Structure formats: structure tokens, C-alpha cells
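Colleague: No letters, just coordinates:
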């Protein structure tokens with residue numbers, strides 16, 4: 001695909017796989033894994049953009065693009081489709097997406113950036129992205145490990161591998177099964193850093209790692225919406241069905257079908273714990289603190305509260321968390337109306353007879369109260385979560 005003059009971008013969406021010429025020989029691009037942007041207008045050093053919502057029902061805020069050849073220039077990016085910049089401004093990467101920093105607070109629908117004089121390309125995103133390449137880099141830290149296997153949950157509609165990681169005790173003698181899922185909504189990228197930290201703790205050569213290897217059969221699905229992650233989709237409110245509303249017959253997504261087939265067979269009646277990791281909205285109430293989401297199942301809410309109390313006690317890292325911050329069913333957005341589009345993972349997992357605990361966790365994109373999100377800090381939270389699961393299970397014994 002050649003570079004498109006910006007006027008041609010006005011003819012319609014590029015489905016996230018385009019490049020647009022900018023004055024001075026620079027270019028705006030989204031034809032990389034996870035890219036998402038549409039260029040609407042260029043006037044001098046001012047570029048008007050909007051996020052590509054593709055098959056999203058209604059509005060959502062995720063975007064991710066790169067700028068090449070703008071070294072030393074100052075450009076202002078205006079978003080035409082509502083306020084889409086979070087509390088710490090855009091996330092920026094000067095090394096092709098391997099490391100990220102926050103620009104800092106900006107206006108809700110525009111930001112200005114002076115591109116470093118020695119950087120060939122800068123990636124800009126609503127929040128810190130996480131793609132298959134990031135997972136592969138992370139897993140290299142655990143090679144070779146006799147305690148981890150990388151398997152395939154299924155093939156997606158686009159032919160990609162949807163990964164399923166297996167850690168902990170592999171034998172049927174495990175006392176518990178732990179299922180951890182992330183990215184039911186493709187854009188909720190920060191959830192994967194929790195999964196990394198949790199897996200680090202499970203694989204550690206210490207007392208906690210030894211306990212998991214002795215007692216828990218662990219399966220982790222890092223990308224439920226794998227195609228959406230790699231395509232740079234919103235994923236939220238996807239047509240014809242959101243992945244997290246697809247847990248009733250007939251499921252339309254291959255990964256959901258595969259999970260529904262796998263979990264009852266794999267867990268085989270053993271006590272099952274399930275954690276589903278999410279990110280909330282941009283900012284404001286219920287979007288800037290960590291919380292478990294309650295379901296309309298009193299016993300499950302009681303068990304979730306017990307886990308939350310252990311998490312609060314085992315918090316060792318910088319991420320603020322208090323069990324009192326959790327969201328019970330019937331409060332704020334967490335009502336029956338929110339689930340009218342279909343059966344969620346949480347409702348499905350709690351319907352299985354051997355589920356001891358099925359909990360959804362929301363972790364903000366950019367800030368948790370006054371703390372600014374960093375991958376290292378979120379990984380520490382994941383390690384604390386692993387400690388909390390261990391304490392919860394030991395309390396059951």
C-alpha cells in the first residue's frame with residue numbers, strides 16, 4: 001500500500017492499515033500490529049484525527065498511531081470524535097513500542113508534541129499497548145522453564161493462534177484450578193501487565209512458586225479477543241457481539257467457544273477459581289481506582305470480598321488498593337441493564353458447579369488514584385494478586 005495524501009483519507013476509513021503523507025516529508029501511519037487511526041485533515045502542523053471504531057456499536061476511545069520523519073518538529077493532533085485523551089496524556093514510545101512513557105496531562109481532545117531530533121519514529125497511543133510481540137518478549141524471560149508451557153486455545157477467525165499458558169501443577173492431583181483471562185475487550189491493554197506479574201510469581205523459585213507448583217493447575221488466556229488486539233480494535237461493544245457478552249448459545253467467537261469447551265473438561269470438578277482482567281473507561285468515578293466487580297450471586301460476592309481482603313493485606317507495591325473500593329452488584333454501572341446484550345464471562349463461570357470463586361477486576365489505564373500507571377508497578381500488583389490467591393486458598397484448607 002502506498003502513502004495516501006491526506007485528502008484521500010477523507011474518502012473513508014482505512015480499517016487501521018493506512019499511511020498518510022504529512023507536510024515536510026513526514027508520514028502518519030497505522031499499518032502495524034495494533035495500529036488504529038484515521039486522518040481527516042492536515043493544515044500545516046495541525047492534524048485532525050479520529051479513532052477507527054470499525055465494528056464498534058456506538059462510541060469508544062482507543063487509538064494508536066505512529067509518526068515518521070518528524071524529528072525536530074512540533075505537531076498538534078486534534079481529535080474530532082469526542083474527548084479521547086486520558087488523565088496522563090498520550091503514551092509515547094521512541095523504540096517501536098518496546099518501552100513507553102506518558103506525555104503528561106493535556107486537553108481532552110488534543111495534544112502537542114515536539115518530536116526528538118534523533119528519533120526516526122514515535123508511536124502515540126491512548127494508553128500503553130500490549131500485543132503478541134510483548135507477550136513473546138515477556139516469555140523469553142522464562143525460557144527455559146520446566147514450569148511453563150505455551151499452548152494454543154484455538155485458532156481465531158483470522159487464523160491467528162489464541163495463546164493458552166499452562167503453569168503450576170500439571171497433574172490431576174492439583175487441589176485447585178486457576179483460570180486467568182484478559183482482553184475480552186481488545187483495547188484493555190494494561191490488564192496484561194497484571195497477568196505478567198501474576199505469572200512471574202507463579203513461576204518464581206521461592207515459597208510462593210513452590211506452593212503453586214504443588215497445589216494449583218493454572219491456565220492463562222492473555223488475549224480472548226486476539227484478532228482485535230492485533231488489529232488495533234476497540235473490542236468494546238463489538239458487532240455482532242461483544243466477546244464478554246458471548247457466553248450463551250450459540251457463541252459466535254472462536255475463543256469463547258473454546259473456553260466454554262475447555263474449562264469444564266480441564267477443571268474436571270476440582271475447585272475452580274477464575275479471574276477476568278479488565279480496564280474501565282477514561283477517567284472519573286469508577287475509572288481511577290482498582291476494584292473487583294460484584295455479580296448478582298451473594299455467595300460469589302462473599303468469596304470475592306474474602307479474596308479482596310487478602311489482596312489488601314498482601315499489597316506490597318505502589319498500586320493503591322482497598323477492599324472498600326470494590327463495586328457491588330446494583331451500584332453505579334454494575335446493574336442488570338449492563339448485561340442485557342448477552343451472558344458475560346463472569347455470569348457463565350459462576351454458573352459452573354465447581355466454581356468456588358469467579359471475579360472480574362478493573363484496573364485503570366493511566367492512573368490509580370494519585371499513582372501513575374507503569375508496567376513495572378502493575379506487574380507488582382499482579383504478584384500481590386498471586387499472593388492473595390494463595391492466602392485465599394490456604395484459608396479454605
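Modeller: Ah, there it is. If you're wondering where the values come from, they're calculated on a predicted model, not measured in any experiment. Numbers count the residues shown, from 1 in each chain.
Colleague: Which secondary structure elements does the helix or strand where residue 230 lies sit against?
Modeller: Assigned by DSSP states H and E, residue 230 falls within helix 226-231. Applying 3 or more C-beta pairs under 8 Å, 6 or more residues apart in numbering; DSSP states H and E, one finds that helix 226-231 contacts helix 132-140, strand 161-168. Bear in mind the C-beta positions are built from the backbone N, C-alpha and C, glycine included.
Colleague: Could you give the average pLDDT over the longest one?
Modeller: For helix 132-140, mean pLDDT is 97.
Colleague: Which helix or strand lies directly C-terminal to the lowest-mean-pLDDT helix or strand in the chain?
Modeller: Averaged element by element with mean pLDDT, DSSP states H and E, the chain has its least confident helix or strand at helix 6-9 (a mean of 34). Next in sequence after helix 6-9, counting helices and strands by DSSP H and E, comes strand 19-21.
Colleague: quick one: average confidence on that following strand?
Modeller: The model assigns strand 19-21 a mean pLDDT of 94.
Colleague: Distance from the chain centre to it, please.
Modeller: 28 Å (C-alpha atoms, centre = their mean, to the nearest Å).
Colleague: And the helix or strand that comes right after it, what does it pack against?
Modeller: Counting by DSSP H and E, the next helix or strand C-terminal to strand 19-21 is strand 27-29. Other helices and strands packing on strand 27-29, by 3+ C-beta pairs under 8 Å, 6+ apart, are strand 19-21, strand 64-68.
Colleague: winner for burial among those?
Modeller: strand 64-68 (a mean of 23; mean count of other C-beta atoms under 10 Å).
Colleague: which residues are in contact with that strand?
Modeller: 22, 26-30, 32, 34-37, 49, 75, 115, 120-126, 129, 232 (C-beta atoms under 8 Å, 6 or more residues apart in numbering).
Colleague: Buried only: go through those for me.
Modeller: Among these, those classed as buried by neighbour count (16 or more other C-beta atoms under 10 Å) are 22, 26-30, 32, 34-37, 49, 75, 115, 121-126, 129, 232.
Colleague: Run through the residues that contact residue 282.
Modeller: So residue 282 contacts 61, 83, 84, 86, 87, 365 (C-beta under 8 Å, 6+ apart).
Colleague: related to what we said a few turns ago, with respect to residue 346, which of the helices and strands packed on helix 226-231 lies nearest?
Modeller: Closest of these to residue 346 is strand 161-168, at 19.3 Å (criterion: C-beta to C-beta).
Colleague: Would you tell me what the next helix or strand after the closest one is?
Modeller: Taking DSSP H and E, what comes next after strand 161-168 is strand 176-182.
Colleague: Name the SS class of the closest residue to residue 127 other than its chain neighbours, please.
Modeller: Leaving aside its chain neighbours, residue 127 sits nearest to residue 365 (4.0 Å; criterion: C-beta to C-beta, 6 or more residues apart in numbering). Assigned with DSSP: H, G, I helix; E, B strand; the rest coil, residue 365 falls in the coil class.
Colleague: Might one say that residue 365 is in contact with residue 125?
Modeller: No. Applying C-beta atoms under 8 Å, one finds residue 365 not in contact with residue 125, separated by 10.1 Å.
Colleague: Report whether residue 360 is found in a strand, as I expect.
Modeller: Yes. Checked against three-state DSSP, residue 360 lies within a strand.
Colleague: Residue 77 versus that one, what's the distance?
Modeller: 33 Å (C-beta to C-beta, to the nearest Å).
Colleague: in the stretch 251-397 of the chain, which spans are helices?
Modeller: 254-267, 298-313, 345-351, 375-396 (DSSP state H, counting those that start in this stretch).
Colleague: Give me the mean pLDDT for the longest one.
Modeller: Mean per-residue pLDDT for helix 375-396: 97.
Colleague: That helix packs against which elements?
Modeller: Using 3+ C-beta pairs under 8 Å, 6+ apart: helix 375-396 touches helix 191-203, helix 207-215, strand 272-278, helix 298-313, strand 355-362.
Colleague: Now do that helix against helix 298-313, angle only.
Modeller: Put simply, helix 375-396 runs at 120 degrees to helix 298-313, going by axes from the mean of the first three to the mean of the last three C-alpha atoms, to 10 degrees.
Colleague: Which residues belonging to helix 375-396 are considered buried?
Modeller: Buried positions in helix 375-396, judged by neighbour count with 16+ other C-beta under 10 Å: 375, 377-393.
Colleague: circling back to that earlier point, can I get the helices of the stretch 251-397 of the chain in TSV including distance to residue 213?
Modeller: Shown next, in TSV, are the helices of the stretch 251-397 of the chain (distance: least, C-beta to C-beta, whole Å):
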stretch	distance to residue 213
helix 254-267	17
helix 298-313	20
helix 345-351	24
helix 375-396	12
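Colleague: closest to residue 173 out of these?
Modeller: Going by C-beta to C-beta, the one of those nearest residue 173 is helix 254-267, 13.7 Å.
Colleague: Tell me which residues are up against that closest one.
Modeller: With C-beta under 8 Å, 6+ apart as the test, helix 254-267 has contacts from 153-157, 162, 164, 177, 179, 181, 217, 219, 221, 223-226, 243, 246-247, 251, 272, 345, 348-349, 352, 354.
Colleague: Distance of residue 395 relative to residue 374?
Modeller: Distance, residue 395 to residue 374, by C-beta to C-beta: 31 Å.
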